[in-house]
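**Student:** Fold the following, please.
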Amino acid sequence: MAHLGEASMSGLREQIKANAVMLFPDITKLQRKNHPNAAATNVFDVIVTYQSVDQAYQAWLTAWASDASRLAHKGEFAQTVEGAIRNLLDSTGMTLLTQYSELQGIPPKE
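**Tutor:** As a prediction, the model looks like this:
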């Protein structure tokens, strides 16, 4: 896998945060109510942790709600930071697809 530049990594993070806006509408609604001029994605952030035992990285989606941060979603472990962020993007994308497919009565693809 070719490594992404800093701008592309930033793009992955922004897409994860955009997915989060749709995955967590209650948090997004609260953000817009409390900060109407702020971007809806501002309430979300992406962090990466490192597990030394397995020498693996894991990306987490965090959400700020009522002056406290909480972990909202996580991706699978990966051997690189980029891989961990890609895994989180895959996870939020699949969850979003599943949620909206169920709302529209579309059976999931195998």
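
**Student:** Check which residues of the helix ranked longest in the chain are buried.
**Tutor:** Longest among the helix segments of the chain by residue count, using DSSP state H, is helix 81-103. Across helix 81-103, burial judged by 16 or more other CB atoms under 10 Å covers 82-89, 91-92, 96. The way it works is simple: take the backbone N, C-alpha and C, and place the C-beta from them, glycine included.

**Student:** Not counting the lengthiest strand in the chain itself, show me its contacts.
**Tutor:** The residue-count maximum for a strand in the chain (DSSP state E) belongs to strand 56-65. In this structure, residues lying in contact with strand 56-65 by CB atoms under 8 Å, 6 or more residues apart in numbering are 16-17, 20, 24, 27, 30, 43-51, 69-81, 83-85, 87-88, 92.

**Student:** try 6 Å this time
**Tutor:** Residues external to strand 56-65 that are found in contact with it (CB atoms under 6 Å, 6 or more residues apart in numbering): 20, 27, 43-50, 69-75, 77-78, 81, 84-85, 88.
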